[in-house]
Structures are given as structure tokens and as C-alpha cells.
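[1] I'd like to go over a predicted model; first the sequence, then the structure.
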Amino acid sequence: MDEKEIWIKAKEELANTVPTFKMWIEPLEPVSFDGNVLTLITAHALAPQAIKSQHDAKILEALKNAYGQNVSYNILYDEEFAERYQKEKKKELQKQKKTLADTDENRIMDNLAQMQSSANLNLKYKFSNFVVGENSRFAHAAAFAVAQNPAKKYNPLFIYGASGLGKTHLMQAIGHYIIFNKPKLKVKYIKTEEYVNELIKNIQCGGNDRNSRMDKFRQKYRNVDVLLIDDIQFLESKTYTMEEIFHTFDSLHNKNKQIVITSDRLPKDIPTLPDRLRTRFEMGLMVDITPPDFETRVAILKNLAEQANVKAEFDVFEYIAKNFVNNVRELEGAFNKVSAYADIEKTDLTLEFAKKVLNCESMKQEITIEKVARAVGEYYGVSLNDFLSSARNQRVSSARHVAVYMARELTQKSFESIAEFFKKKHTTMLYSYEKIRDDLKTNKNLDQDISVIRRTLREN
């Protein structure tokens, strides 16, 4: 059998099993069949990722039934084929002398394309691949309830927790679910930093069209059905932006539109946030996500392996889960590193190989929070007891800020873990970290100090 025969048979089965057959499957064209791998081309740029994520199992089953044994497949976007496909479609329209009805499937596809270009949602962040653990069960349930019934429950929904725990994943999953299941609703996703930069650009614009540009900017975020605002903590101290967010919030809420917000802390812990904004953020439902437990970390790694089609020993998942405990992002980074090395070296992903690549044991011996604190203390003439005390004089406070920043950067420990060591509040550690991070942008002497301390730690 050649590629055309196999695909014709497989399509007959897929026509009855795939609801969006006409939109995604029918336009595919087979181009080769080599080594039990069928290569298909598509005219839609989004098709390879969308089809793989939604219909992979059904396609593999149909190909096996058509050929009599297991068959793999690849889907490639081909610009020439896309151009030819569009021309053929136009000819059909001209012959029919009428436009095709706007079907639900076409609306979904249009919304998906718009979502990708204007809302910046990532196709991999969906409810279907979010691993739910005890750390995120309530947040997941709340997010799914909002996605099913926007503005009917929990408005606004405020999701908070440390970096890398899945807040953005849940927020974008809400957007994807609504796009696919409620295509008439307009969804807008924005990071707070991007919102601030866009606002500043419009404010700085001179000329007579400034008012017009500001009106367009405001309507961009107020004429939506669902607004997703990520990392709202970056609003801190930005007075004019807070004013714009306040009016945008009120405009949407008064029109019964859904608002979802993420932050690395509670509204009350965001310095300089005015009460009128804080109370609005708190008026809906606030849910937190905490670092995943061991079982959840293992489940996350297994899920990553399945998505990437990577085979690994179960011991590998356990090893990574035991050594990377702070957040999902570092778990994913560790897994991507070992799987990439295994692929490059053409070797099996075993426990021994993972230990060789990650070298967690020696990393742990090299740098700890205590070692960082002692090195910073020695440099600035501050004792460890001073760091752990309630002393607030400038010399101790300044050194402590540096110690917290370097502990976070060099150990990748959570702010909770650092706070526990220094016997301070999590928010205090976060403030110290952000203060030094911002000071480094302009203070060359501070940058030199940290470089010297870093070098000392490495040499010891």
C-alpha cells in the first residue's frame, strides 16, 4: 500500500470518529510513507499542534486499522500547499457564486488564530494536561468552574502562589476552554508588564492623536468578555497604571464580564496597592497554589514524558522529583535537560544517566542558604546571628537583602524556604529579593560586590 491508499482508508474511519474532521483532517494530504511513518502536509499553520493534542490516539488507531500494523505519522505545514489550497477554495466559491456558511468549526478556527496572535495564549496550557495534586486541587476546580460559566461564579478569580507553580497554566487553560466551547465570547490575556509598557507607549505618544490612542487602548481591554491579567504584583508603585486598571476592572465588572488575576502574593501583601483596588481583587474568590508534593511531582514528570513521547525509567522520575522540590518550572527544566542529553547521545534515559547529567548530589554540597549567608556576612562584616535577629540597622538590613537575593539566585530555593532560614516572613524575603534585583540595574558597586561574593562561594 502507498501513502494515498493508507490515508484514504484511515480517513473513512476518522470521518466517523473526529467531530472536527472537515476542519482539521479532511484538508490533510499524504506525501510519503517511509519506514512505517506516514508524512502529511497541511494548509493550516496551527494544525500540526492542534491535531496532535486533540486527535493523536484516533489517528494512530485509524492508521493501524488501515495498514494492519502500527504506523507513525508526521504533520507538516507547507506554504506552497497552503497557497494552492486557498486558490482551490476560492475557485469553489466562485463556482458556487455564494459564500459558505460560517460554521461553528470555522469560528473556532478563527478564534484560535486570533487567540494565538492577539492574546498570546500558549496552546500547551490546557486543563487536559494540568496535573492536579493536593497543592492545586481547589485552584483547578475554581478555574474550571469559571471556564464553564464565565461571570457566573467567582468573579474576579484571584489565583496566587510562588513562581513556577502553575498559575499561568490554569489562567490560560480558562482562556482555551472558553475559546473552544464558547467561541462567541472574546477572551483577552495580558501580562501586567506588557500592559504597563503598552500604556507608557501610548502616554508618551505626542501629537493630536494621543487621546484617540488612549481611547483605543482602553477599549482594547474593556470590550472583552473575559480578561486574564497575569502577574498583577508588577502593578506595585505604578500609580497611573493602577488608575487605569481600576477603571478597567469597574467597567468589566459592571458589565458582568469575567476577570481572572494571578499574583505571587495576596492583594494585601502588594505594597502601595490602594484599598479600592485591593478590596475589588478580594471581592470574588482567592485561591492559592503551593509547591507540589512528591507524588504530584512524579505525576507531573510522567505527564511531561508522555507529552514529549520520551521513554524513561520510573526511577528517573523519582530521582528528579526528590531533588527538585520548589516548583513545576524547575522540574520541567531538569527533565528537559536529561531528555535532551539522552537524545543527543542516543542513549536510554536511565537513573544512572540522569544522575550523571544532573549531578544533584554535588550541587547540594556546593551551595546552601547557610553558606550563602555566611559568605555575605563575612564580606560585609555581619554575623549569622545578626541576620537571624530582628536587628534593623542599615548595615545589617542591607547585607541581609543581598544574602536573600543571592540565596534565591544560587540555590533556587523557594521564598518560603529562605524565609524559614532567616526566621522572617515570606513577603519580607520577596521584598529583599526584588529590591536588590532592581538596585542592580543602576548600582555598579553592588554588582561588583555580588560578583566577588559569588566567586568566593565557588572557590570554597
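    Arrived safely. Numbers count the residues shown, from 1 in each chain.
[2] who are the neighbours in contact with P48?
    Contacts for P48 (C-beta atoms under 8 Å, 6 or more residues apart in numbering) come out as T42, I75, L76, Y77. Using the backbone N, CA and C atoms, a C-beta is placed for each residue, glycine as well.
[3] Give me the neighbour count for the first one.
    By the other C-beta atoms under 10 Å criterion, the neighbourhood of T42 contains 22 residues.
[4] Is it bridged to anything, and to what?
    Y77 (DSSP bridges).
[5] any idea how far P150 is from the closest residue to M1 other than its chain neighbours?
    Excluding its sequence neighbours, the residue lying closest to M1 (C-beta to C-beta, 6 or more residues apart in numbering) is Y67, at 6.3 Å. Computed as C-beta to C-beta, to the nearest Å, the Y67 to P150 distance reads 44 Å.
[6] For the two, indicate the residue with more neighbours.
    Higher neighbour count among Y67 and P150: P150, with 24 against 17, using other C-beta under 10 Å.
[7] I'd say Y431 and I270 touch.
    No. Counting by C-beta atoms under 8 Å, Y431 sits too far from I270 to count as a contact (10.7 Å).
[8] and those two? which has more neighbours close in?
    Using other C-beta under 10 Å as the criterion, Y431 and I270 rank with I270 on top: 21 against 17.
[9] So, low pLDDT: which residues of the stretch 201-350 of the chain?
    Residues of the stretch 201-350 of the chain meeting the criterion pLDDT under 70: 206-208, 326.
[10] 90 instead, please
    Applying pLDDT under 90 to the stretch 201-350 of the chain flags residues 201-217, 220, 233-241, 264-265, 268-273, 290-294, 303-313, 319, 321-334, 342-348.
[11] In it, mark out all the strands, start to finish.
    226-230, 258-263, 285-288 (DSSP state E, counting those that start in this stretch).
[12] The shortest one: partners in the sheet, and parallel or antiparallel?
    The strands that strand 285-288 pairs with in its sheet are strand 157-160 (parallel) (by DSSP bridges).
[13] Also the longest one?
    Strand pairing for strand 258-263, using DSSP bridges, gives strand 157-160 (parallel), strand 226-230 (parallel).
[14] Would you format those as TSV with mean neighbour count and distance to L60 included?
    Shown next, in TSV, are the strands paired with strand 258-263 (neighbours: other C-beta atoms under 10 Å; distance: least, C-beta to C-beta, whole Å):
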stretch	mean neighbour count	distance to L60
strand 157-160	25	35
strand 226-230	24	34
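[15] As a markdown table, those with distance to N256 would be great.
    Converted to a markdown table, the strands paired with strand 258-263 look like this (distance: least, C-beta to C-beta, whole Å):
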| stretch | distance to N256 |
| --- | --- |
| strand 157-160 | 14 |
| strand 226-230 | 11 |
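[16] quick one, which of these is nearest to K188?
    strand 226-230 (5.4 Å; C-beta to C-beta).
[17] how distant is that closest one from the center of its chain?
    Here strand 226-230 is found 13 Å from its chain centre; the criterion is C-alpha atoms, centre = their mean, to the nearest Å.
[18] May I have it as CSV, with CA atoms only?
    Taking C-alpha atoms only, strand 226-230 is exported to CSV below (Å, rounded to 0.1, in the frame of the first residue of the first chain):
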residue,chain,number,x,y,z
VAL,A,226,-13.0,37.6,29.7
LEU,A,227,-9.9,39.4,30.8
LEU,A,228,-7.0,37.4,32.1
ILE,A,229,-4.3,39.5,33.9
ASP,A,230,-1.1,37.7,34.7
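[19] wouldn't T368 be in contact with T411 here?
    Yes. Assessed by C-beta under 8 Å, T368 is found in contact with T411 at 6.6 Å.
[20] So which of the two has more stuff around it?
    Neighbour totals were compared for T368 and T411, and T411 leads with 21 against 15 (other C-beta under 10 Å).
[21] Do I have it right that that one meets A373?
    No. Contact criterion C-beta under 8 Å: T411 and A373 do not qualify, at 10.7 Å.
[22] intersection of neighbour lists for those two?
    Contact criterion C-beta under 8 Å, 6+ apart; residues shared by T411 and A373: none found.
[23] Buried residues in the lengthiest helix in the chain, which are they?
    Determined from DSSP state H, the single longest helix within the chain is helix 47-67. For helix 47-67, a neighbour-count test (16 or more other C-beta atoms under 10 Å) marks A47, P48, A50, I51, Q54, H55, K58, I59, A62, L63, A66, Y67 as buried.
[24] can you check stretch 419-434 too?
    419, 421-422, 424, 426-434.
[25] and if you look at stretch 311-324?
    By neighbour count with 16+ other C-beta under 10 Å, stretch 311-324 contains the buried residues A312, V316, F317, E318, Y319, I320, A321, N323, F324.
[26] Just the C-alpha atoms of it, please, in CSV.
    Once non-C-alpha atoms are left out, stretch 311-324 reads as follows in CSV (Å, rounded to 0.1, in the frame of the first residue of the first chain):
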residue,chain,number,x,y,z
LYS,A,311,10.7,6.8,27.4
ALA,A,312,12.4,6.8,30.8
GLU,A,313,12.8,4.5,33.8
PHE,A,314,10.4,5.2,36.7
ASP,A,315,13.5,5.7,38.9
VAL,A,316,14.4,8.7,36.8
PHE,A,317,11.1,10.4,37.7
GLU,A,318,11.6,9.7,41.4
TYR,A,319,15.2,11.0,41.3
ILE,A,320,14.2,14.3,39.7
ALA,A,321,11.1,14.6,42.0
LYS,A,322,13.3,14.2,45.1
ASN,A,323,15.9,16.7,44.1
PHE,A,324,13.7,19.5,42.5
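[27] Residues touching that stretch, excluding its own?
    Outside of stretch 311-324, the residues within contact range by C-beta under 8 Å, 6+ apart are 294, 297-298, 301-302, 305, 330-331, 333-335, 338-339, 348-351, 354-355, 358, 360, 364.
[28] What is the neighbour count of G377?
    The local packing of G377 (other C-beta under 10 Å) involves 21 other residues.
[29] again with Q219
    Residues near Q219, counting by other C-beta under 10 Å, number 11.
[30] And the residue nearest to M1, how close does it get to V18?
    Distance, Y67 to V18, using C-beta to C-beta: 18 Å.
[31] Equivalent analysis for N336, please.
    Counting by C-beta to C-beta, the gap from N336 to V18 is 31 Å.
[32] neighbour count winner among these two?
    Legend: neighbour count by other C-beta under 10 Å for N336 and V18, higher for V18 (20 against 13).
[33] How is this structure partitioned into domains?
    If you go by automatic domain parsing, the domain ranges for the chain are 3-85, 127-288, 294-359, 367-459.
[34] Please tell me I have it right and F387 contacts G377.
    Yes. Between F387 and G377 there is a contact under C-beta under 8 Å: 6.4 Å.
[35] what do the two both touch?
    Common neighbours of F387 and G377, using C-beta under 8 Å, 6+ apart, are A399, A403.
[36] CA atoms only: put stretch 61-81 into PDB for me.
    Taking C-alpha atoms only, stretch 61-81 is exported to PDB below (Å, rounded to 0.1, in the frame of the first residue of the first chain):
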ATOM      1  CA  GLU A  61      -5.800   3.700  15.600                       C
ATOM      2  CA  ALA A  62      -7.200   4.500  12.200                       C
ATOM      3  CA  LEU A  63      -3.800   4.200  10.500                       C
ATOM      4  CA  LYS A  64      -3.200   0.800  12.200                       C
ATOM      5  CA  ASN A  65      -6.600  -0.400  11.100                       C
ATOM      6  CA  ALA A  66      -5.900   0.800   7.500                       C
ATOM      7  CA  TYR A  67      -2.400  -0.800   7.200                       C
ATOM      8  CA  GLY A  68      -2.700  -3.800   9.500                       C
ATOM      9  CA  GLN A  69       0.100  -2.800  11.800                       C
ATOM     10  CA  ASN A  70       1.300   0.200  13.800                       C
ATOM     11  CA  VAL A  71       2.000   3.300  11.800                       C
ATOM     12  CA  SER A  72       3.500   6.600  13.000                       C
ATOM     13  CA  TYR A  73       2.800   9.900  11.300                       C
ATOM     14  CA  ASN A  74       4.100  13.500  11.000                       C
ATOM     15  CA  ILE A  75       2.100  16.600  10.100                       C
ATOM     16  CA  LEU A  76       4.000  19.500   8.400                       C
ATOM     17  CA  TYR A  77       2.800  22.900   7.400                       C
ATOM     18  CA  ASP A  78       3.600  23.500   3.800                       C
ATOM     19  CA  GLU A  79       3.300  27.100   2.500                       C
ATOM     20  CA  GLU A  80       3.100  26.100  -1.200                       C
ATOM     21  CA  PHE A  81       0.300  23.600  -0.400                       C
END
